[in-house]
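K.L.:
coords please:
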Amino acid sequence: MTDHDPLAQARRFSVAPMMDWTTRDYRVFARALTRQALLYTEMVTTGAILHGRPRERFLGYDKVEHPLALQLGGSDPGELAECAAIAQEWGYDEVNLNVGCPSDRVQNNLIGACLMGHPDKVAVAVAAMREAVSIPVTVKCRIGIDDQDEDADLEHFITKVADAGCEVFIVHARKAWLQGLSPKENRDVPPLNYPRVHRLKANRPDLHIGINGGIKSLTECEAQLEHVDSVMVGREAYQNPWLLAQVDEALYGVPGPAQSRHAAAMTLRPYIQRRLEEGAKLNHMTRHLLGLFQGCPGGRKFRRHLSENAHKEGAGLAVFDDALGLVPDTVES
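P.N.:
Numbers count the residues shown, from 1 in each chain. Just a heads-up that it's a prediction; the model follows:
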């Protein structure tokens, strides 16, 4: 990996892009827990950016979210280059190409994991994107699809795309089976193969190789960092968000922003109020906090109160405050 990557330190730990989960509201919440980690948007298709209006709906974010990467879904080089340029204009710190999503919908549009079967097309797209922007252009992929050889075919894919100028690959350490498994099953059923990603890094020390898939603790992150350059955590970071509160100290050597779970929640009040005034619904924001008090006294009451009341017409900060009042503010961090 070259030394001019502006996100070299930040990408040591990142939160994976997850459809319907890593929304702008979740990302602001994540920033109440970690200042250092690199955050990713949900995948946004090139069609949504080029033809959807207002663009704020697809590209809007809060300045506190930096460092922030936009993940794109698409395969047409011209469209991807145009969207990368738009991402840079909007102030994103990185643009990432999705070559890992296994859903039928994206396959039919030649988006996501199916692109692993078209390394030449991905290479042309990456070259076009790099030509259009000065921010990093990165790729998130799998170790293979269907009956591909996890060694030869992955090596061929990485070589082709790296030769086009991509220096950063985040590799989900399992295959995607595009025929016979649902997107949900593709997150669990194909076996994880961490050693394959470790070998990729050993064979390509010139590239930044990150690993993703099944990582659930900071101890596991530290173990992975013995072999690769970075770790990306998805579902665990969402369902057990307090994990993020330990990231800054454990992996970056600096104090994190959250002194307690209560304090982290309270820092969101001004943001929630502002978003409510903009017309956002309370439950669209608070749904991301349901796991904050997981395993804590009052945590179940907190979740239930938000689940039963935040969706109601006119629900405002009082609902949030009442839910928070159900958890003792002396709860251990």
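K.L.:
leaving out sequence neighbours, find the closest residue to residue 203.
P.N.:
Excluding its sequence neighbours, the residue lying closest to residue 203 (CB to CB, 6 or more residues apart in numbering) is residue 155, at 7.3 Å. Quick note: C-beta positions are derived from backbone N, CA and C, even for glycine.
K.L.:
tell me the SS of the one you found?
P.N.:
Here residue 155 is recorded as helix under DSSP: H, G, I helix; E, B strand; the rest coil.
K.L.:
quick one: the strands in the stretch 1-150 of the chain, in order.
P.N.:
13-15, 38-45, 68-73, 94-99, 137-142 (DSSP state E, counting those that start in this stretch).
K.L.:
what would these look like in CSV with mean neighbour count, distance to residue 307 and mean pLDDT?
P.N.:
Compiled in CSV, the strands of the stretch 1-150 of the chain are given as follows (neighbours: other CB atoms under 10 Å; distance: least, CB to CB, whole Å; pLDDT from 0 to 100):
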stretch, mean neighbour count, distance to residue 307, mean pLDDT
strand 13-15, 26, 23, 98
strand 38-45, 22, 22, 97
strand 68-73, 26, 29, 98
strand 94-99, 26, 31, 98
strand 137-142, 26, 32, 98
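K.L.:
so which of the ones you listed gets nearest residue 226?
P.N.:
Closest to residue 226 of the strands of the stretch 1-150 of the chain is strand 13-15 (CB to CB; 14.5 Å).
K.L.:
isn't residue 302 up against residue 327?
P.N.:
Yes - counting by CB atoms under 8 Å, residue 327 is a contact partner of residue 302 at 5.1 Å.
K.L.:
hey, what's in contact with both of these two?
P.N.:
Common contacts of residue 302 and residue 327, defined by CB atoms under 8 Å, 6 or more residues apart in numbering, comprise residue 293.
K.L.:
contacts for stretch 114-126 next, please.
P.N.:
Contacts of stretch 114-126 (CB under 8 Å, 6+ apart): 74-77, 80-81, 97, 99, 106-107, 110, 137, 139, 141-142, 144-145, 148, 153, 156-157, 160-161, 163-166, 176, 178.
K.L.:
what's the burial count for residue 131?
P.N.:
13 (other CB atoms under 10 Å).
K.L.:
right, and it touches residue 81 too?
P.N.:
Yes - contact criterion CB under 8 Å: residue 131 and residue 81 qualify, at 6.7 Å.
K.L.:
and residue 211, that's in a helix?
P.N.:
No - counting by three-state DSSP, one finds residue 211 to be strand, located in no helix.
K.L.:
which residues does it contact?
P.N.:
Per CB under 8 Å, 6+ apart, neighbours of residue 211: 170, 171, 173, 194, 197, 224, 227, 228, 230, 231, 232.
K.L.:
ok, residue 302 and residue 327, which is more surrounded?
P.N.:
Neighbour count, other CB under 10 Å: between residue 302 and residue 327, residue 302 has more, with 25 against 22.
K.L.:
could you look up the SS state of that one?
P.N.:
Under three-state DSSP, residue 302 comes out as helix.
K.L.:
for it, which residues are in contact?
P.N.:
Here residue 302 is in contact with 290, 292, 293, 323, 324, 326, 327 (CB under 8 Å, 6+ apart).
K.L.:
show me where pLDDT drops low in this protein?
P.N.:
1-3, 104-108, 186, 331-333 (pLDDT under 70).
K.L.:
run a quick neighbour tally on residue 236.
P.N.:
18.
K.L.:
did I read that right, it in a strand?
P.N.:
No - under three-state DSSP, residue 236 sits outside any strand and is assigned helix.
K.L.:
where's the closest residue to it other than its chain neighbours relative to residue 102, distance?
P.N.:
Closest residue to residue 236 apart from its sequence neighbours, by CB to CB, 6+ apart: residue 216 at 4.5 Å. For residue 216, the distance to residue 102 equals 21 Å [CB to CB, to the nearest Å].
K.L.:
including distance to residue 279, could the strands of the stretch 1-150 of the chain go into CSV?
P.N.:
As requested, the strands of the stretch 1-150 of the chain are exported to CSV (distance: least, CB to CB, whole Å):
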stretch, distance to residue 279
strand 13-15, 26
strand 38-45, 20
strand 68-73, 23
strand 94-99, 28
strand 137-142, 32
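K.L.:
who wins for proximity to residue 238 among those strands?
P.N.:
That would be strand 13-15 among the strands of the stretch 1-150 of the chain, by CB to CB, at 7.8 Å.
K.L.:
isn't there a strand covering the residue nearest to residue 236?
P.N.:
No - counting by three-state DSSP, residue 216 falls outside a strand, being coil.
K.L.:
my guess is it contacts residue 238, does it?
P.N.:
No - using CB under 8 Å, residue 216 is not in contact with residue 238; the gap is 11.8 Å.
K.L.:
on that earlier part again, what distance do you get for the residue nearest to residue 236 to residue 233?
P.N.:
8 Å.
K.L.:
between the two, tell me which one has more neighbours.
P.N.:
residue 233 (26 against 14).
K.L.:
who are the contact partners of that one?
P.N.:
13, 14, 15, 16, 212, 215, 216, 221, 243.
K.L.:
can you lay out the residues you listed as TSV showing distance to residue 316?
P.N.:
Shown next, in TSV, are the contacts of residue 233 (distance: CB to CB, whole Å):
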residue	distance to residue 316
13	34
14	33
15	28
16	31
212	37
215	37
216	35
221	38
243	29
